[in-house]
Structure formats: C-alpha cells, structure tokens
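Peer 1: Generate a structure from the sequence data that follows.
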Amino acid sequence: MQYDFYPSFYQQCGRRTQTLIVCCYFILCLLPLYIEFDPGLLNELRYVLLIITPAISAFLMIGLDFVLHHHLAPRYFKPFRITAERLFIPGWLMYSNTQIKPSDLIIDTANIHSIIVRSYQLSGKHDPIPLLDNICIKTWQRDIYLEGKQLPKGLATQSELIQGLNILPDIIVTEHKTSFGDLRILFITLQGRYGFVYTAIYLLMVIFSFGAMLGLIFRF
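Peer 2: Numbering: from 1, shown residues only. Model (predicted):
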C-alpha cells in the first residue's frame with residue numbers, strides 16, 4: 001500500500017509563475033471598471049461589483065489551485081510517499097532554519113523508532129477545527145521535522161495522512177495543542193502553504209473591496 005501527498009501548486013511553482021498568478025487576480029478585480037453602465041442609478045452597480053468581485057475572484061483562484069494541485073502537481077513535484085517499507089521525504093516538506101533547501105530523503109522504516117504528530121485547533125463556528133501543525137520523525141540518528149502547513153489543509157487530507165502513517169510498524173504519538181483562535185489564521189496566511197500568492201490575494205481583496213465600499217459611501 002502506498003500513500004502520496006503533494007504540495008500546493010501556487011506555493012511550489014517558480015517566482016515568475018507566482019507573480020503571473022497575482023497579476024491575473026489583479027486584472028480580474030478590475031473587470032467592473034471596463035463594463036459600461038447607463039448614467040444614473042445603474043452606475044452605482046459598478047461600485048457594488050467592485051466590492052464583491054475581489055471575493056469571487058479569490059474563490060476562483062483558490063479553486064484553480066485545487067485543480068492544479070490534483071492534476072499538475074503530480075507531474076512536476078516529488079510527493080511525500082509513505083509505504084510500509086520506507087518513507088520518501090521531499091525537500092519542500094522538511095523544516096529548515098536556513099535558506100538552504102533540504103535534500104530529499106529516503107528512510108527505511110526499520111530505522112524509525114517513533115513518529116510524533118502535532119496538531120492544533122482553530123475556532124470554528126460550531127466546533128473547534130483540528131489541523132496538522134508538524135510531524136517529527138525520530139530515527140536512531142536524527143530527528144526530522146516535517147511542516148504540516150506545507151500540505152493542503154483539510155480534515156480529509158489530515159485523516160488520510162494519519163491513515164498512511166498508521167501502516168508503518170512504529171509508534172505513532174499524537175500531541176494536540178490548545179486552540180490558537182483566529183491568530184493562527186494570520187500565521188498560516190503568511191507562511192507555509194499560504195505563502196506569497198495567497199498573502200497577495202488576500203491583501204488585494206481587502207484593499208479593493210474596502211476602497212470600493214468607501215467610494216460607494218462617499219458617493220451618497
């Protein structure tokens with residue numbers, strides 16, 4: 001049995017591609033400016049569209065990332081692969097406190113004596129939402145830290161990852177942190193999976209929507 005996990009396409013693609021994605025989002029936000037309206041009350045519709053278009057465009061870009069993650073990422077990125085005999089750990093998933101990108105690792109499961117899975121909570125509307133924080137793979141020679149935020153978020157992905165780790169003949173230890181509340185969302189936005197592209201999209205969405213709202217208020 002084999003489990004493969006891939007990163008966000010936006011996070012791992014080149015800087016030029018990331019800049020192109022942000023530029024495409026910027027153009028989508030400006031589309032209402034190119035629509036002609038009749039003079040009068042209908043012209044106010046332009047401001048309404050400028051308020052809601054950034055949010056709609058953001059959903060489109062997130063959906064595009066989801067599609068690229070499932071169809072293009074397997075072609076261009078090495079996966080985090082779990083089998084009963086060994087682990088293949090790509091460099092994009094390993095934590096590093098330097099600017100040097102870690103090299104890919106292949107670890108035999110016989111060399112692993114424990115795996116620590118750390119999770120945390122986000123404040124949900126009804127119940128707390130558990131999410132993956134990081135994974136520590138303890139071998140007889142060293143400890144290897146994997147950044148959970150580099151993997152796609154969601155309970156389905158987390159459950160599949162835990163299921164994949166459970167096929168290893170090792171001790172799985174789960175450590176659950178207390179709720180980080182809404183501050184953790186900002187931390188995730190600025191790092192890991194939500195890197196340059198998502199940070200730029202969220203900032204532009206707030207700027208466009210808030211600016212259009214002020215324009216509509218002052219117009220009246």
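Peer 1: could you pull out the helices for the chain?
Peer 2: Ranges of helices in the chain, per DSSP state H, are 9-12, 15-29, 45-71, 73-76, 155-165, 183-190, 196-219.
Peer 1: okay, these, which one's buried deepest?
Peer 2: For the helices of the chain, the stretch with the most neighbours on average is helix 9-12, a mean of 22; neighbours defined as mean count of other Cβ atoms under 10 Å. For every residue, glycine as well, the C-beta is placed using N, CA and C.
Peer 1: Please save the CA atoms from that one in PDB.
Peer 2: Taking C-alpha atoms only, helix 9-12 is exported to PDB below (Å, rounded to 0.1, in the frame of the first residue of the first chain):
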ATOM      1  CA  PHE A   9       0.900  24.300  -6.800                       C
ATOM      2  CA  TYR A  10       0.900  28.000  -6.000                       C
ATOM      3  CA  GLN A  11       3.400  27.600  -3.200                       C
ATOM      4  CA  GLN A  12       5.900  25.400  -5.000                       C
END
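Peer 1: which other helices and strands contact it?
Peer 2: helix 45-71, helix 73-76, helix 196-219 (3 or more Cβ pairs under 8 Å, 6 or more residues apart in numbering; DSSP states H and E).
Peer 1: I'd like those helices written out as JSON lines, with mean pLDDT and distance to Cys13 added.
Peer 2: Formatted as JSON lines, the helices and strands packed on helix 9-12 follow (pLDDT from 0 to 100; distance: least, Cβ to Cβ, whole Å):
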{"stretch": "helix 45-71", "mean pLDDT": "87", "distance to Cys13": "8"}
{"stretch": "helix 73-76", "mean pLDDT": "86", "distance to Cys13": "8"}
{"stretch": "helix 196-219", "mean pLDDT": "82", "distance to Cys13": "9"}
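Peer 1: Compare those and report which one is nearest to Val117.
Peer 2: Evaluated over the helices and strands packed on helix 9-12, closeness to Val117 peaks at helix 45-71, with 22.0 Å, by Cβ to Cβ.
Peer 1: any idea how far that closest one is from the chain center?
Peer 2: Using Cα atoms, centre = their mean, to the nearest Å, the mean C-alpha position of helix 45-71 is found 16 Å from that of the whole chain.
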